[in-house]
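**Student:** Would you be able to build a 3D model of this:
(3 chains)
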Amino acid sequence: MAPILVARKVTKRFGGLVAVNELDFEIEEHAIASVIGPNGAGKTTFFNCITGFYVPEEGVIEFEGKEIQGLRPDKITTMGIARTYQNIRLFGKMSAIENVMVGMHPRLSLHWWDAVIHTPAFVRQERKVLRRAWELLDYIGLTDWANHQANSLPYGAQRRLEIARALASEPKLLLLDEPTAGMNPQETAEMIEFIRKLRDDWNLTILLIEHDMKVVMTISEKITVLDFGTKIAEGKPEEIQRNPRVIEAYLGRGAASGLSAAEAPAQAA
Amino acid sequence: MNPIWRSTLKAGLLTGAIVIYVALTGMVLSLSQRPVIGKLSLGHVVYMLVFVGMGYITAVRSPWRQERPWLVPLQGAVVGGVGAAILALLPLIGRKVDLGWMFVTAKPELYKFLLFNQEQVARGVLYLILTGAVLGGVAAVLPILPEVLHKALLGGASTTLLLGVLAELVQRTVLKKVLGPFFAYKGLKPTGAAILFVVLTVLFGLQAWWRQKHPKVTKSVAAQEAEAASPLRTTLQLGALLLFLLILPVWILNKDTYLNSVVNLVGLYIIMGLGLNIVVGFAGLLDLGYVAFFAIGAYTVALMTSLGPLGHGYSFWQALPVAILLALTAGVVLGIPVLRMRGDYLAIVTLGFGEIIRILANSDWLKPFMGGALGVLDIPKPKIGNWVLKEEYQLYYLILAGILVTWFVASRLYHSRVGRAWQALREDEDVAEAMGIHLVTTKLLAFGFGAAFSGLSGAIFAAKVGSVYPHTFNLIISINVLSLIIVGGIGSLPGVVVGALALVGLPELLREFSEYRMLFYGIALIAMMLVKPEGFWPKRLKVYPRPQEEDAEASAL
Amino acid sequence: MNQWQRRLEYWRRRYDITDVVVWLFGLAILAVAVYGTVRSLQTTTYDSKRWAQFVVYGISQGGVYALIALGYTLVYGILFMINFAHGEIFMFGAFGALFTALALDKAGYWNGHPVLSLIIVLLVAMTTSSVIAVLVERVAYRPLRKAPRLVPLITAIGASFTLQYTARSFFGSGLRAFPEMDMLKGSVSVFGLDIGKSHALTIVVSLLMMAGLYWYVQKTKTGKAMRAVAENKDVAALMGIDVDQIIVRTFILGASMAGVAGVLYSLIFFQVKFFMGFVPGIKAFTAAVLGGIGNIPGAMLGGYFLGIFESLGPALILEGLGIPAPSQLKDVIAFTMLVMVLIFRPTGILGEAVSEKRA
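**Tutor:** Sure, this is the predicted structure:
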């Protein structure tokens, strides 16, 4: 299958710090892939380059064959990339359903004058918006919370609402930034199932950043490992698990060669 | 010392600082000209309210409310007494040392007034301290009373006081037919006040008792969803309100020119408030140069319609759309460069812009076109056919129409794609952009609407007043409008009306107070943000009912 | 694709029509300014000495702006908010100075011991400003430090108006005359230029104060703590720094500078008014933005730049355009410059790219 997103030699610097260094990256259509790496490895920076928050100094990012690096975030979203955030960023004072409706923004077309005079097209569109918003809430199981203020929702519900908001923009590529952060094992397992279901139900490509190794290894078809902004490994989960450079990056120098498995986690902590 | 007594004493010192502040602002003396009840003037009321308020707050916060309630009034009395004693220092010192070279308000008249015009200073001081202690103590009794009694007395007392303050309003309207006998020429008669107080207390008591018996359950979201699906009741309420608004100037205000001009001013501020509410409340952009668009609207109408040498002889109705359009254009032209900036930059740039417009209107450079400091005079009143809207109660209908239109537009926009984009922008600009919202155009739209509404208000203002001068359009108007939407509730449409009534209508009715208006606004802005950031009529979430199946089918067709 | 095509492609995608409109708008203003300048220089009636004098006035005025701008920048650097009430803090400093000077004048000290009097007046002004600043911080800002951005901005505006109108009701709505000082009458001659003594004093004192401030922030323990808090409040707190206290000290430092500015301003114009904080406040903010808000040397530079520009502007730019009474439009020049800076270099002359620090 053709890659939906290709990054070639992407470099992003902050002053003297090279946050992402000549990164090459590809993700196939309909795949679930992960970017992992220690704190500060440049994962979120890479996400921000894809979604247009940052402009990479060098390199090319292609989405469906079109260059997108340097485009404004709203244009990129309109092209079909949506994301969630590591620390949930809902529109807190709006209701859950309104959050989803905002998500549909790039797919709606009518202007303010249609809204003022309630043209038939507007009424039809709003009815559709409402129906689709309820459908999406149904899909993530939050209909009971539809008319509640978003920041009053429980934590797990907020995470799911963020995903629903992203889905509302009808993306082809969904970027999830640590979707299981702060969840217990039970919730995490549910989230893994949910992500798979998402991909199949909506025909999506999913790219995630994750810290939880169990999640990464269970769900990903391909893993890319970053350390200090540079790609140090890439491949299937099994390959990554055995890669000495990865173990070293995660557990410190010498870990791969010398230490036993029992001691390693203690050091990492 | 017991820590509770220590904090009580501290509250007393704070009370003293506040009353001294109030006295030195000159409020006490200048408001002493307006009687409220018998010989009690508004000047008395403003500083005495500090004793009452501080006593009340101390009591509410007192850890003794439950275990040792008998000590609570004593606490209040200490707070009031200490506060009054500190206030007494002002006349005591002021009589010996001249403070006038520093504080223009520290005059012998003030000292005399504070000491209740007593010849003997000691007696005056004693009266003052006793007043403070008694008021603080009485106020502190309220929170330890049963709930119903507490609410009844509080409601009765504050409403009686308010009626006394607004005596003029009562006397000039239909209310006079009912309440007339209770009032003297100015303020309430003491007996009238007593009767009103008793009656009102009973009424408030009954209401509180009823509330206690039938506690108001907050409607579940599901119930609200059901209600949103059948909006019959809201339609009825709306109809009643509209009827009231239609008969207000003629039947209720008796065509009174003064009261109607106050109402009209409030109306013009409502239009501006609805506009700024889009900018600040919906989209979260702080615009402090809002008066500029008001000025543009006013000057456009003035220059186009004036019968004087500067005018061009168009009619009001020809000038009105031009005024709105020009204000809108100015909004967009200013908006494009500044809307790409962060919020606080925006505030200051717009502030600067407001000043630029005023300076330009005032300058010799543009004097040949805009009249400079002398302004533009002889602006004719609007005409509909042969009917000239020359009286205030006639202009009322023009302003009411303006309010209805702006309200309609604002509320329709709010519940649409643009409105949702504005709210998203207000909540989190970065995420909003990542949701596909084009920041600049969305902000521009908000800015443009705000400017257009303000231009409309300015246009009507020019026609209402009949002349415009550059010094009318200073920063104070922008701050007025900002304050009223914050007091009413940021982002709330009814809040704009509440805010305009409280911050424009009330001070306009108390003319002595107008001197202290800005001070009051400043304090109100801080106090609201600290205590009630959502405002007095907070905006509510719109409830979206689940669509019925037939809807789905209908739209599928 | 070669380099230039690449760059063009990048610009085409990153910017859209609104950006172009903004640039055209800015360029148009710039063109008018340049045209006016050329015309003025061709037709000017001023000699070079007069121009030099404009510059000296500008420097002395700029010193005042710079001192006030420091307050904005210090607070912004640490709290990321604009202290709207800062202009009023400056005004209260001037009132503190006024009353002290009046008292000293009455006692015959003002002209008897002018240097000592000036020092006393400066100290009182700094104290007054600091007290007001601490009060504002305590009442209006500290309780809202965690609130959404709009909230402290609104209380700041509220604080500004409360202070302004408190001064109005306390001290009256008219102008209050500042006692003149014999020592500052006349002028000194430097390099053949006659400089008013009060202007000379302003230039010297403002430079001294700024050098002192720079030293304080760079070298002292408190200064280092301030920079740590500015960098990251949470981490600073973990390092054992009392964040609240450092913030209060920052306010005091900024307010002291504003107090000095209040004295200098009074010594130039010899009048004090409740409204005097408003326009210098906005201009000092302009100066702070010009230099890059949050940046201390930037605020100083911005202040001088604005002062000189404003002093030269009416004669240099507007006269050539044939505008009558151009000095009426002095403030318009300053505000236009603010807009221009924000269009072309929103991070200011010395500012770093703050806009990148998001998401």
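
**Student:** Just name the shakiest helix or strand of chain A by mean pLDDT.
**Tutor:** Least confident element among the helices and strands of chain A, by mean pLDDT, DSSP states H and E: helix A:263-268 (a mean of 40).

**Student:** Can you pull the residues of the stretch 51-200 of chain A lying near chain C?
**Tutor:** Contacts of the stretch 51-200 of chain A with chain C, taken as Cβ under 8 Å from any Cβ of the partner chain, map to A:Phe53, A:Tyr54, A:Val55, A:Glu67, A:Gly70, A:Leu71, A:Arg72. Bear in mind the C-beta positions are built from the backbone N, C-alpha and C, glycine included.

**Student:** Now do the contacts for the closest residue to the fourth one other than its chain neighbours.
**Tutor:** When you say that, I think you mean A:Glu67. Nearest residue to A:Glu67, sequence neighbours excluded (Cβ to Cβ, 6 or more residues apart in numbering or on different chains): A:Val60, at 5.8 Å. Residues in contact with A:Val60, defined by Cβ atoms under 8 Å, 6 or more residues apart in numbering or on different chains, are A:Val6, A:Ala7, A:Arg8, A:Lys9, A:Val10, A:Glu67, A:Gln69.

**Student:** next one: phi and psi at the residue of the stretch 1-150 of chain A found nearest chain C?
**Tutor:** Nearest residue of the stretch 1-150 of chain A to chain C, counting by Cβ to the nearest Cβ: A:Phe53, 4.0 Å away. Dihedral pair for A:Phe53: phi -70, psi -40, per degrees, to the nearest 10.

**Student:** for the one 4 residues further on, same thing?
**Tutor:** For A:Glu57, the backbone dihedrals are phi -70, psi -40 (criterion: degrees, to the nearest 10).

**Student:** residues contacting it?
**Tutor:** For A:Glu57, the contacting residues are A:Thr11, A:Lys12, A:Arg13, by Cβ under 8 Å, 6+ apart.

**Student:** Nearest to B:Arg61, out of those residues: which one, please.
**Tutor:** Nearest to B:Arg61 among those is A:Lys12, at 53.6 Å by Cβ to Cβ.

**Student:** follow-up on the earlier one: determine the number of other residues adjacent to the residue of the stretch 1-150 of chain A closest to chain C.
**Tutor:** Residues within reach of A:Phe53, counting by other Cβ atoms under 10 Å in any protein chain shown, total 20.

**Student:** Quick check, it in contact with B:Val431.
**Tutor:** No. Using Cβ atoms under 8 Å as the test, A:Phe53 is too far from B:Val431 to be in contact (10.1 Å).

**Student:** Can you check what pLDDT the model gives residue 65?
**Tutor:** Looking at chain A here, since you left the chain open. Among the per-residue scores, A:Gly65 holds a pLDDT of 86.

**Student:** wrong one, chain B
**Tutor:** In this model, B:Arg65 is scored at 85, pLDDT.

**Student:** do the same with B:Ala554
**Tutor:** In this model, B:Ala554 is scored at 48, pLDDT.

**Student:** show me where pLDDT drops low in the chain?
**Tutor:** Using chain A here. Counting by pLDDT under 70, chain A shows low-confidence ranges at A:1, A:251-269.

**Student:** should've been chain C
**Tutor:** C:1-2, C:6, C:10, C:13-14, C:44, C:351-359.

**Student:** Could you pull out the strands in it for me?
**Tutor:** C:176-177, C:187-190, C:193-196, C:271-272 (DSSP state E).

**Student:** What strands line up against the second one, and which way round?
**Tutor:** So that's strand C:187-190. Its sheet considered, strand C:187-190 pairs with strand C:193-196 (antiparallel) by DSSP bridges.

**Student:** Could you find the closest non-adjacent residue to C:Tyr141?
**Tutor:** Per Cβ to Cβ, 6+ apart, closest to C:Tyr141 is C:Pro152, 5.7 Å.

**Student:** same check, this time on B:Leu179
**Tutor:** Of all residues not flanking B:Leu179 in the chain, B:Val170 sits nearest, at 5.4 Å (Cβ to Cβ, 6+ apart).

**Student:** Repeat that for C:Ile132.
**Tutor:** That would be C:Phe92: by Cβ to Cβ, 6+ apart, it lies 4.7 Å from C:Ile132.

**Student:** Check A:Thr119 too.
**Tutor:** Using Cβ to Cβ, 6+ apart and skipping residues adjacent in sequence, the residue nearest A:Thr119 is A:Leu110, 7.6 Å away.

**Student:** Wait, that neighbour touches A:Val129, no?
**Tutor:** No. In this structure, A:Leu110 is not within contact of A:Val129 by Cβ under 8 Å, at 10.3 Å.

**Student:** So which of these two has more stuff around it?
**Tutor:** Set side by side, A:Leu110 and A:Val129 show more neighbours around A:Val129, with 22 against 16, by other Cβ under 10 Å.

**Student:** And the helix or strand in which A:Ile232 is found, what's buried?
**Tutor:** Using DSSP states H and E, the element containing A:Ile232 is strand A:230-235. Across strand A:230-235, burial judged by 16 or more other Cβ atoms under 10 Å in any protein chain shown covers A:Thr230, A:Lys231, A:Ile232, A:Ala233, A:Glu234.

**Student:** Same list as before, these that is, but in TSV and with distance to C:Leu301 included.
**Tutor:** Compiled in TSV, the buried residues of strand A:230-235 are given as follows (distance: Cβ to Cβ, whole Å):
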residue	distance to C:Leu301
A:Thr230	39
A:Lys231	43
A:Ile232	45
A:Ala233	49
A:Glu234	49
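
**Student:** Any chance of those in CSV with distance to chain C as columns?
**Tutor:** Conversion of the buried residues of strand A:230-235 to CSV gives the following (distance: Cβ to the nearest Cβ, whole Å):
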residue, distance to chain C
A:Thr230, 21
A:Lys231, 22
A:Ile232, 25
A:Ala233, 27
A:Glu234, 25
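
**Student:** neighbours of the residue nearest to C:Ser189 when sequence neighbours are not counted, just the number please.
**Tutor:** Distances taken as Cβ to Cβ, 6+ apart put C:Ile195 closest to C:Ser189, at 7.5 Å, once the chain neighbours are dropped. By the criterion of other Cβ under 10 Å, C:Ile195 has 20 neighbours.
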